[in-house]
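Asker: The amino acid sequence is not available; the structure is as follows:
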């Protein structure tokens, strides 16, 4: 049964009688919450998709976690849990999420402006949103949630999660939200407007030791893209000790973080154990995008290799952590993989080191009006 893009004003009567139904896709139909008692009777459901928007532009219809957990044959799920407790109730009611081949799960309340923004960027009202098409098939969005350091909130069951979007919650790091041991398959992380967040992960989560060899099955070893926007309390994106795990990271995107001083931060303890480390290669890093970070002073204490760098309005950044290979005569040369450097304003280019070597790769575009539209 496909009731998407319809003008239904309320839930159709008699749906609980469709006991052999295997596919159900619908929008809100004017309802804010999926009526209780229906889902447990649809025990053969394999696909449950509750669309995120109606033709009127409403937010998604919410659903009870325990009722979704009763669907033992479910293979694909797209839904909205109003509170984190509902999400945890679903996970605890049955480890069924491990058998899901795809899921897009919204947890909490996302502000109306955010829904309106996403709605503006959908290809057709009622269709799945192109915004989320950029994310993997197993993605969770957490919005406007309060954790207060309560470890009971920590999600320990998402072994297969591939995409994580966090908006407007009060956790200090992902350690308060996600069991990091289960984060080996995460491909895309987006942190937005989380003003209590201090770092992606806390340095204390790791044992201080000399950086190991690249880890292909450790925490965040599957991460391909990391986005951070509007986190105004964050001074460091993530600790240096995490670098060896980021073997698949292709893009780092940081914008509008008022207090960000360093992208890859080094604590005193890390500095004392990594004095000999001067260069580190993230083998798949292609793009480093830094936009409106007024307090940014350093990208990283070690040199990185990256083939695309964009720096816009980061006035205090004086040195780029770009690794420059040396020729036989000892003179620096551009990295073989380097493709482009974008800088704004043009005067900023007077500050970086080895500017003459890299000058052929530099362009000075007009400042972009919106980080979302680049």
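Answerer: Okay, I see it. Bear in mind that the values here come from a model prediction, so they are computed numbers and not experimental data.

Asker: tell me which element the residue of the chain most remote from its centre falls in.
Answerer: Distance from the C-alpha centroid of the chain peaks at residue 329, with 43.7 Å (C-alpha atoms, centre = their mean). Using DSSP states H and E, residue 329 maps to neither a helix nor a strand.

Asker: I'd like the distance between it and residue 303.
Answerer: Separation of residue 329 from residue 303 (C-beta to C-beta, to the nearest Å) stands at 20 Å. Using the backbone N, CA and C atoms, a C-beta is placed for each residue, glycine as well.

Asker: Then residue 109?
Answerer: 43 Å.

Asker: repeat for residue 81
Answerer: Counting by C-beta to C-beta, the gap from residue 81 to residue 303 is 44 Å.

Asker: for residue 83, same thing?
Answerer: Taking C-beta to C-beta, one finds residue 83 at 45 Å from residue 303.

Asker: same thing with residue 67?
Answerer: Taken as C-beta to C-beta, the span from residue 67 to residue 303 is 53 Å.

Asker: thinking again about what came up before, residue 83 and residue 303: which is more packed in?
Answerer: Each of residue 83 and residue 303 has its neighbours counted (other C-beta atoms under 10 Å); residue 303 has more, 18 against 14.

Asker: Distance check, the more buried one against residue 280.
Answerer: 7 Å.

Asker: Same question for residue 5.
Answerer: In terms of C-beta to C-beta, residue 5 sits 49 Å off from residue 280.

Asker: Please apply the same query to residue 146.
Answerer: Residue 146 is 37 Å from residue 280, by C-beta to C-beta.

Asker: higher neighbour count, those two?
Answerer: Shown here are residue 146 and residue 280; by other C-beta under 10 Å, residue 280 has more neighbours (21 against 12).

Asker: For the more buried one, give me its contacts.
Answerer: For residue 280, the contact set (C-beta atoms under 8 Å, 6 or more residues apart in numbering) comprises 211, 243-244, 300, 302-304.

Asker: and the least confident of those residues?
Answerer: Within the contacts of residue 280, pLDDT reaches its minimum at residue 211, with 49.

Asker: Can you read off the pLDDT for residue 256?
Answerer: Model confidence at residue 256 (pLDDT) stands at 93.

Asker: all helices of the protein, in order?
Answerer: Here the chain has its helices, by DSSP state H, at 65-69, 84-93, 112-120, 130-133, 268-273, 355-358.

Asker: can you give me the mean pLDDT across the third one?
Answerer: Just to be clear, that refers to helix 112-120. 51.
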